[in-house]
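Visitor: just the structure for this:
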Amino acid sequence: MEKLFQLSAHKTNIKTEVMAGITTFMTMAYILAVNPGILSATGMPAGGVFTATALSALIATLVMAFLANLPIALAPGMGLNAFFAFTVVLGMGYSWQLALTAVFVEGILFIIMSFFNVREAIINAIPANIKKAVSVGIGLFIAYIGLRNAGIVAFDTPAGVIDGNAVVFDVIPMLGKMGGPALVALIGLALTMVLVALKVKGALLFGILGTTIIGIPFGVTSFGEGFSPFAMPAAPLLFQFDFKAMLSLDFLVVLFTFLFVDIFDTIGTLLGVTTQAKLTNADGSIPRVKQALLADAVGTVAGACLGTSTVTSYIESSAGVAEGGRTGLTSLTTGLLFGVALFFSPLFLIIPAAATAPALILVGFFMLSPVKELDLADPTEAIPAFLTMLMMPLTYSIAEGIVFGILSYVILKVATGKIKQITIVTWIVSIFFLLNLILH
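Guide: Numbers count the residues shown, from 1 in each chain. Below is the predicted model:
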């Protein structure tokens, strides 16, 4: 283990790394239930999608562990799976086979881009202040996900308002009803906060397990009738591709959307998690970033071949980092647990969102520390960082936060005569972002 993952150089040990890997898995195991639910709306068999989800997460996370030696786990991404199902298939009317083809082509393009360092150049083009802000923004985003998943933050019923010829829906966030899942999550949050304050090793993991148990008498943790922890996996949806419409304009739009969101979600996650773990180099760059991006690309290709939507790096990896995870042994542990989940899916799927919410909320707190390093005296640096942090939770997108940060950075540097601080790659990325906003 020492030779493979350089544990002593990262000031960690096997026990800490394994505990961190388990914690990461527990916070992202929901994808095993959610992804089949979303993709099955297209007519895809839920059992096959479950198998594809677990296998693609296993493959991609093992590549991350052994090639990049980073504590980052991967799985089919939320948001991208919804775009796959509800926009491409149900909205645009394409078959799920064609949507899988777009994911497959995207993955191949990512592998090519990784070898030619295109995505690495994009990461290096992001200004230092925005890189730090990305970590904080992801923290706020992941805390918001936890609050929303548990029902602590809820939304009123959309009310249609006539604005000209259009109906505008005004949905306002509000405090949810403090019963059921929300109450269990709050009790779990109190428990987990105390464990963190007492510096108990594995506080987040114990918080998840404790909250799952607390949820039983509340009916939030449900085993179901005739519960059995063991189940044989269904066959994956192997090589279900349809290349007939590849040259159509709609296909290219779908492909571009998959590319755009995955590139900047992955970049944001890598920046956020490595910054939190203090693994970045002195210049703010990510160690072994080429290998990390390759893991993402390989995972996407493998996922498409198995029958699932785009595989990407998970912000829930922050939970494992908060438990001390610093090397690929953390991601190796998480990956192997996805393999185990193939045969024990009912056991993992009983963990409710209310149990993972406290961990996600506190991870948001752990990721606030880069705020101290932001240069708030210079508005041309501080405002882009602020917009980056603000827009991630409000738009429910890491990518959109980076878009607003980069564009505001370029505008402010040009307006104040500091145009020389903008690199050529930053110019290219900002033009790309501007076109995306115009075509949105």
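
Visitor: would you map the strands across the stretch 201-350 of the chain?
Guide: 311-313 (DSSP state E, counting those that start in this stretch).

Visitor: which residues of it fall in helices?
Guide: 203-218, 249-276, 289-306, 317-322, 328-341, 345-349 (DSSP state H, counting those that start in this stretch).

Visitor: buried stuff in the last one?
Guide: What that stands for is helix 345-349. For helix 345-349, a neighbour-count test (16 or more other CB atoms under 10 Å) marks Ser345, Leu347, Phe348, Leu349 as buried. For every residue, glycine as well, the C-beta is placed using N, CA and C.

Visitor: and those, which is closest to Glu2?
Guide: Nearest to Glu2 among the buried residues of helix 345-349: Phe348, at 30.1 Å, using CB to CB.

Visitor: what sits against that closest one?
Guide: Contact partners of Phe348, counting by CB atoms under 8 Å, 6 or more residues apart in numbering, are Ala29, Leu32, Ala341.

Visitor: let me have the buried residues of helix 345-349 in a markdown table, extended by pLDDT and distance to Tyr144.
Guide: Output for these, formatted as a markdown table (pLDDT from 0 to 100; distance: CB to CB, whole Å):
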| residue | pLDDT | distance to Tyr144 |
| --- | --- | --- |
| Ser345 | 78 | 28 |
| Leu347 | 78 | 28 |
| Phe348 | 72 | 24 |
| Leu349 | 72 | 24 |
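
Visitor: can you give me phi and psi for Ala75?
Guide: Reported as degrees, to the nearest 10, the phi and psi values for Ala75 are phi -170, psi 170.

Visitor: what is the neighbour count of the nearest residue to Lys418 once chain neighbours are set aside?
Guide: Residue nearest to Lys418 in three dimensions, not counting chain neighbours: Thr380, with 6.2 Å by CB to CB, 6 or more residues apart in numbering. Under the neighbour criterion other CB atoms under 10 Å, Thr380 is assigned a count of 20.

Visitor: tell me the most buried of the helices of the stretch 201-350 of the chain?
Guide: Of all the helices of the stretch 201-350 of the chain, helix 317-322 carries the top mean neighbour count, a mean of 30, counting by mean count of other CB atoms under 10 Å.

Visitor: quick check: Asp262 touching Glu106?
Guide: Yes - using CB atoms under 8 Å, Asp262 makes contact with Glu106 at a distance of 6.8 Å.

Visitor: run through the stretch 1-150 of the chain and note the low-pLDDT ranges.
Guide: Across the stretch 1-150 of the chain, the ranges flagged by pLDDT under 70 are 79.

Visitor: what about the helices in it?
Guide: Ranges of helices in the stretch 1-150 of the chain, per DSSP H, counting those that start in this stretch, are 2-5, 14-28, 31-39, 46-63, 80-82, 96-115, 118-125, 128-150.

Visitor: out of these, flag the one nearest Gly219.
Guide: Distance to Gly219, taken as CB to CB, is lowest for helix 128-150 among the helices of the stretch 1-150 of the chain, at 14.8 Å.
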